[in-house]
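Enquirer: What follows is a predicted structure for the sequence shown.
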Amino acid sequence: MNLQELLDKSSPEDRQLIIDHFVLWLQGKSTGETLVIRKTAKLSTLSSEEDMKKQLSTIFDMPIEKFDKFNFLEGINDIDSNYRKVEAIISSYKNYLVSLKSKEDKFEELNDIGRFLVSLQIPCSIVIPENVLPYPDFIIENKEKNIGIEHTRLLNAGSQRLIKNIKQILKIAEKNLLSKDEKFTQVVNISLNYQTEIINNKSLSNTTLTKVEKELIAELISNWIYSHLKNLNTPKPSFIDKIGVSIDSIHPLSINLAENYIGKIEIEKILMERLESKEKKVSHYSTIKDFDELWLVIIVNGVTAASSFIIEEAKLKSKIASSFTKVFLFDSFSKNALLIYQPDITNT
């Protein structure tokens, strides 16, 4: 991938970071710090191992032999084992949320906390309250104590809006494609150029795309994927880079964004802003007497431009002070929980 291709596939935030890095290199002022470029795609676990390799090879532009070293079966078994552990912790609370007709965000928070608790390997259960808790988000109990847990996410607002808009478009494209042929069961990964003009001098990176414009873009995407699946000779729209399609999947059709983004290790500013916003609300928790400790769990989703942080390499220059008993940074993809604050522990 050359520089222009990388810029075309990058979010506005990442695009500027790449340009700044390149300019410093041209001026001989490079810090020597490497930019880590991440690529993501979604695989059907019901596909054959050979099919998975082909999908990855297509979407990542890599020889299929590069994926021979991966043990796909072992990876799937690990995912399944972790899923069962998480479900054992959250299933009762999930039923509680269903009874309340809770919004999707609350179920996502519950899944995050389930993965976090599994990563800590502490025997516990999530308390189902008699009445809906105004705060904190969850209370867990074990043999020793009850712990209140407040959940929040570390996100780049600009990238979050971009990815949200594109995923809305892809959902419309899914519906369009199923209306053409309801028998489609493929998992489709699509790589897009965010900067290419598509309609009314606007690209996917444009924040002012109207509902009608999104629907028109979705129609272009669904038409091209339909052409590809039916082996029709239809020109590919210029804003579509490539697609990878599962061959023998029996999942419901899904169209997924294969992202290219920069993994960032400089998280201090956005982390401190998130901590400050939560610290302002800590006094409210004192009215809740059902827990002995109060933890803040900051979630990094790990596989999207909206949360493209590499927490294993994150360096915090400032000491963290908090009214929470403990503050964790948790990557829900790698399942890595990093304790960044507790009393008498300093950060360097």
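Expert: Great, that's in hand.
Enquirer: CA only for contacts and neighbour counts going forward, please
Expert: Fine.
Enquirer: Can you verify my assumption that K171 contacts L253?
Expert: No - taking contacts as CA atoms under 8 Å, K171 lies outside contact range of L253: 10.4 Å.
Enquirer: Return the residues in contact with L329.
Expert: By CA atoms under 8 Å, 6 or more residues apart in numbering, L329 lies in contact with 297-300, 311, 337-340.
Enquirer: Ignore what I typed, I meant T234.
Expert: Contacts of T234 by CA under 8 Å, 6+ apart are 224, 227-228.
Enquirer: buried ones in the helix or strand containing I79?
Expert: I79 is part of helix 72-100, with elements assigned from DSSP states H and E. By 16 or more other CA atoms under 10 Å, the buried positions in helix 72-100 come out as 72, 82, 85-87, 89-91, 93-94, 97.
Enquirer: Just name the closest of the residues you listed to L177, please.
Expert: Nearest to L177 among the buried residues of helix 72-100: F72, at 29.2 Å, using CA to CA.
Enquirer: thinking again about what came up before, who has more neighbours, K171 and L253?
Expert: With neighbours defined as other CA atoms under 10 Å, K171 and L253 compare such that L253 has more, 18 against 15.
Enquirer: Can you pull the phi and psi angles for that one?
Expert: Dihedral angles of L253 (phi, psi; degrees, to the nearest 10) stand at phi -50, psi 140.
Enquirer: cool, the one 3 residues further on as well?
Expert: Backbone torsions of N256, given as degrees, to the nearest 10, read phi -120, psi 140.
Enquirer: got a pLDDT number for it?
Expert: N256 carries a pLDDT score of 91 in this model.
Enquirer: Could you tell me how many residues sit around it?
Expert: Residues near N256, counting by other CA under 10 Å, number 22.
Enquirer: returning to that earlier point: make a markdown table from the contacts of L329 and add secondary structure to it.
Expert: As requested, these are arranged in a markdown table below (DSSP: H, G, I helix; E, B strand; the rest coil):
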| residue | secondary structure |
| --- | --- |
| V297 | strand |
| I298 | strand |
| I299 | strand |
| V300 | strand |
| I311 | helix |
| A337 | strand |
| L338 | strand |
| L339 | strand |
| I340 | strand |
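Enquirer: Could you check how far Q4 is from Y341?
Expert: 41 Å (CA to CA, to the nearest Å).
Enquirer: Great, nothing more from me.
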